[in-house]
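*Asks:* Fold the following, please.
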Amino acid sequence: MSSRTNARFEDLLVLAHDLADRSRAVIRPYFRKRLDVADKGGPKGFDPVTKADQAAERAITRLIRERAPDHGVIGEEYGAQRPDAAYQWVVDPIDGTRSFITGVPMWGTLIGLLHEGEPVLGVMDQPFTGERFWSGKRGSHLQEAGGRARRIRTRACPRVKDAVLMTTSPDLLEPGAETEAFLRVKKDARMTRFGGDCYAYCMLAAGFVDVVVEAGLKSYDIAALIPIVERAGGRMTTWDGRPATEGGRIVAVGDPALHEKVMKLLNR
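*Replies:* Here you go, the predicted model:
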């Protein structure tokens, strides 16, 4: 597999699934076990990391080095390798470590792939429930534990007042403008739920959630989720309408007709 000759999507997707299988085997034995939790947040606030995060990223990186040595890797725990490569794997071994360390299964492994900066595929794997979400070439899919894969789609919801809104935590929004913008959307939405991390975006892709609004995200928090959401029929941008690939303030909608309405509330 070489980035000098545009790799076939099918081969890249096989590798992505193999990376998810490898990381699942590493992570699963750690969940709901007593773990030492380190804090890498410093003055910015508590940002937990465990041996499971680190071991999974190392396992993913080793397999990329074996199977696609000319590809780059951008990981949450160990940073960037080969940043000049055309293909970049963007990895968050446990997105939702706070949920992980509290025994709540609202977390997942994110494995995204950029080609020359553009998201081309993404996988969200949940080792405990056995679920896996991914973007195919033209659609998005879910395989539940022990089940057959099926295509997933977002649902129609053109009005904010009918929308189910999610965000991971209001504590992750900066006081002032960010919080006030989120509360404007929350006030108009039908219902708001918290605690989703990557799971919220996958539930949006599967047609159970209509809007996700977040801030302070990094590329490894979002790159894998963009193709899953968009190939299921949704739309994802920053709050000011730019591509979401680098993270920051993110808005995702299941119904593209909802995007402009949510953006107006966020930027009022």
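*Asks:* And the lowest mean pLDDT element among the helices and strands of the chain?
*Replies:* strand 38-39 (a mean of 89; mean pLDDT, DSSP states H and E).
*Asks:* What is that one packed up against?
*Replies:* The contact analysis (3 or more C-beta pairs under 8 Å, 6 or more residues apart in numbering; DSSP states H and E) places strand 38-39 against strand 48-49. Placement of C-beta: from N, CA and C, glycine included.
*Asks:* Other residues contacting the strand it packs on?
*Replies:* 37-40, 77, 97-98, 101 (C-beta atoms under 8 Å, 6 or more residues apart in numbering).
*Asks:* quick revisit: paired strands for the least confident helix or strand of the chain, with orientation please.
*Replies:* Looking at strand 38-39 with DSSP bridges, its partner strands are strand 48-49 (antiparallel).
*Asks:* Mean confidence (pLDDT) on the partner strand, please.
*Replies:* Strand 48-49 comes out with an average pLDDT of 91.
*Asks:* chain center to the helix or strand that it is followed by: distance?
*Replies:* Using DSSP states H and E, the helix or strand that directly follows strand 48-49 along the chain is helix 51-67. Distance, stretch centre to chain centre, for helix 51-67: 18 Å (C-alpha atoms, centre = their mean, to the nearest Å).
*Asks:* on that earlier part again, please name whichever of the contacts of strand 48-49 scores lowest on pLDDT.
*Replies:* Among the contacts of strand 48-49, pLDDT bottoms out at Lys40, giving 82.
*Asks:* Contact partners for the residue nearest to Gln126 when sequence neighbours are not counted?
*Replies:* Of all residues not flanking Gln126 in the chain, Gly108 sits nearest, at 4.7 Å (C-beta to C-beta, 6 or more residues apart in numbering). Gly108 sits next to 94-96, 124-126, 197-199, 202 when contact means C-beta under 8 Å, 6+ apart.
*Asks:* Tell me what Gly108 is bridged to.
*Replies:* For Gly108, the beta-bridge partners are Asp95 (DSSP bridges).
*Asks:* go on, the one 10 residues further on?
*Replies:* On DSSP bridges, the residues paired with Glu118 through beta bridges are His115.
*Asks:* Tell me where the model's unsure across the stretch 1-150 of the chain.
*Replies:* Where the stretch 1-150 of the chain drops to pLDDT under 70, the residues are 1-6.
*Asks:* which one of the contacts of strand 48-49 is nearest Ala25?
*Replies:* Distance ranking of these against Ala25, using C-beta to C-beta, places Glu77 first at 17.7 Å.
*Asks:* Surely the closest one touches Asp53?
*Replies:* Yes - using C-beta atoms under 8 Å, Glu77 is in contact with Asp53, at 5.6 Å.
*Asks:* The two: who's more crowded?
*Replies:* A count of neighbours by other C-beta atoms under 10 Å puts Asp53 above the other of Glu77 and Asp53, at 25 against 18.
*Asks:* Give the full set of residues in contact with the more buried one.
*Replies:* If you count contacts by C-beta under 8 Å, 6+ apart, then Asp53 has 76-77, 93-94, 97 around it.
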